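Trainee: Need coordinates for the below:
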Amino acid sequence: MNRVATFLLSILALIAVVLFTNSFFIVDEPHQAIITQFGKPVRTTISRPGVHFKVPVIQRAHFFDKRFLEWDGSPNQVPTKDKRFIWVDMYARWRITDPLLFFQRVHDERGAQSRLDDILDGETRNAIAKHDLVELIRSTNRTSLTDEEAGAVDDTSGLAPITYGREKITRSILEVAAPRIKELGIELLDLRFKRINYVDEVQNKIFERMVSERKRIAEKYRSEGEGEASKILGDKERELKSIQSEAYKTAQEIIGKADSEATAIYAEAYNRNSDTREFYRFLKTMETYQTTLSEKDWLILSTKSDFFEYLQKLQGR
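Mentor: Numbers count the residues shown, from 1 in each chain. The predicted structure is shown next:
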């Protein structure tokens with residue numbers, strides 16, 4: 001009898017411990033909670049950290065994160081207004097603002113992620129389908145280096161100006177999606193494009209066009225460089241000829257001046273007296289003999305020739 005009583009008391013004590021420990025729960029700082037009874041919410045949101053109590057067994061605590069949560073969309077192939085097929089990858093940040101409504105509509109974070117996929121992907125498709133590709137890849141109308149290079153070759157080669165831009169399109173998606181998401185007890189904090197890219201079929205053609213455009217610009221610069229090189233070489237040759245002409249002119253002036261001075265000196269020396277003139281004539285004749293005659297030359301001269309005069313005098317001596 002004592003054993004049975006001891007066993008029953010042990011069972012009752014165990015049940016009491018289980019009921020006691022099940023009658024309170026702890027809410028951490030980054031969490032909030034609601035209490036349900038048989039699956040239905042019975043208390044308002046508990047957001048204050050600390051120990052809280054509930055009816056054991058029949059009531060249950062559900063915890064939800066108060067921090068910013070991440071939504072990472074899946075890449076989707078989407079057509080633009082100008083019929084360009086692109087891959088679009090989005091991401092967003094959200095948080096649970098109404099845990100009770102959140103629990104009633106999506107139950108948990110997995111259900112929330114599924115509903116966010118439906119809403120955000122759909123609104124993204126709608127927004128992209130209303131705009132050309134250039135509106136999605138640009139945020140401002142600033143002139144890029146590529147535009148300047150292309151414009152230098154062809155004024156129509158640059159990107160067309162935009163009206164909206166990626167930032168405004170992103171804000172428009174956020175404004176349309178936020179009210180729908182708020183009905184789930186969720187606040188949509190931000191939405192961004194993670195990546196925009198062409199599909200594989202179009203991407204190869206784009207790369208080929210980019211390579212062709214780079215080659216065209218390179219040929220343009222190469223042609224301009226060759227033109228500048230030819231101009232520099234032409235200027236160099238012209239300046240060189242001008243310098244040579246000026247130098248030749250100066251040299252001839254110097255030579256003429258020197259010849260004039262030499263002639264004056266010769267004339268002065270020649271006109272001093274008869275002996276000097278005779279000696280001068282003799283030296284010049286000897287120089288003429290030396291420059292015009294060699295050992296193998298034969299001359300037939302008249303005795304009255306000036307050329308023969310000194311030879312005759314030398315023979316007479």
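Trainee: Please name the bridge partners of the closest residue in space to residue 75 that isn't next to it in sequence.
Mentor: Residue nearest to residue 75 in three dimensions, not counting chain neighbours: residue 89, with 4.4 Å by C-beta to C-beta, 6 or more residues apart in numbering. (Glycine included, C-beta is placed from N, CA and C.) Here residue 89 shows beta-bridge partners residue 195, assigned using DSSP bridges.
Trainee: Residue 89 is in contact with residue 192, isn't it?
Mentor: No: here residue 89 does not reach residue 192: they are 10.0 Å apart, not a contact under C-beta atoms under 8 Å.
Trainee: Kindly tell me how buried the residue nearest to residue 75 is, as a neighbour count.
Mentor: Other residues lying near residue 89 total 15 when counted by other C-beta atoms under 10 Å.
Trainee: Tell me the confidence at it?
Mentor: With respect to pLDDT, residue 89 scores 92.
Trainee: need the next SSE after the lowest-mean-pLDDT helix or strand in the chain, C-terminal direction.
Mentor: One helix or strand of the chain scores below all others by mean pLDDT, DSSP states H and E: helix 145-153, with a mean of 48. Next helix or strand after helix 145-153 toward the C-terminus (DSSP states H and E): helix 165-182.
Trainee: Show me what that next one is packed up against.
Mentor: helix 109-129, helix 133-137, strand 186-198 (3 or more C-beta pairs under 8 Å, 6 or more residues apart in numbering; DSSP states H and E).
Trainee: which other residues reach it?
Mentor: Residues from elsewhere that reach helix 165-182, judged by C-beta atoms under 8 Å, 6 or more residues apart in numbering: 94, 97, 115-116, 119-120, 123-124, 126-128, 131, 135-140, 164, 187-188, 190-193.
Trainee: got the angle for it vs strand 186-198?
Mentor: 140 degrees (axes from the mean of the first three to the mean of the last three C-alpha atoms, to 10 degrees).
Trainee: Distance from helix 165-182 to the middle of the chain?
Mentor: How far helix 165-182 lies from its chain's middle: 29 Å, per C-alpha atoms, centre = their mean, to the nearest Å.
Trainee: list the buried ones in that helix?
Mentor: 165-166, 169-170, 172-174, 177-178, 180-181 (16 or more other C-beta atoms under 10 Å).
Trainee: Among these, which one sits closest to residue 26?
Mentor: residue 181 (29.9 Å; C-beta to C-beta).
Trainee: and stretch 220-227, how far out from the chain's middle?
Mentor: So, by C-alpha atoms, centre = their mean, the centroid of stretch 220-227 is 23 Å from its chain's centroid.
Trainee: cool, stretch 126-145 as well?
Mentor: 18 Å.
Trainee: quick one, helices of the protein?
Mentor: 2-21, 99-105, 109-129, 133-137, 145-153, 165-182, 200-270, 274-292, 306-316 (DSSP state H).
Trainee: Show the contacting residues for residue 52.
Mentor: Per C-beta under 8 Å, 6+ apart, neighbours of residue 52: 24-27, 33, 46, 61.
Trainee: ok, of those residues, which come out buried?
Mentor: Of the contacts of residue 52, these count as buried by 16+ other C-beta under 10 Å: 25, 27, 33, 46, 61.
Trainee: Need the residues you listed in JSON lines (columns: pLDDT and distance to residue 284).
Mentor: Formatted as JSON lines, these follow (pLDDT from 0 to 100; distance: C-beta to C-beta, whole Å):
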{"residue": "25", "pLDDT": "83", "distance to residue 284": "137"}
{"residue": "27", "pLDDT": "89", "distance to residue 284": "132"}
{"residue": "33", "pLDDT": "92", "distance to residue 284": "133"}
{"residue": "46", "pLDDT": "87", "distance to residue 284": "135"}
{"residue": "61", "pLDDT": "87", "distance to residue 284": "137"}
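Trainee: Out of these, name the ones that lie in strands.
Mentor: 25, 27, 33, 61 (DSSP state E).
Trainee: out of those residues, which one sits closest to residue 198?
Mentor: Among those, and counting by C-beta to C-beta, the member closest to residue 198 is residue 33, at 47.2 Å.
Trainee: That closest one and residue 53, how far apart?
Mentor: Applying C-beta to C-beta, to the nearest Å, the value for residue 33 to residue 53 is 12 Å.
Trainee: Need the residues touching each of those two.
Mentor: residue 25.
Trainee: Tell me if I'm right that residue 194 and residue 76 touch.
Mentor: No: using C-beta under 8 Å, residue 194 makes no contact with residue 76, being 11.7 Å away.
Trainee: In this structure residue 125 contacts residue 73, no?
Mentor: No: shown here, residue 125 and residue 73 do not form a contact pair, counting by C-beta under 8 Å, at 11.1 Å.
Trainee: Look at those two and report which has more neighbours.
Mentor: Shown here are residue 125 and residue 73; by other C-beta under 10 Å, residue 73 has more neighbours (18 against 15).
Trainee: Would you mind measuring from the more buried one to residue 139?
Mentor: Distance from residue 73 to residue 139, by C-beta to C-beta: 20 Å.
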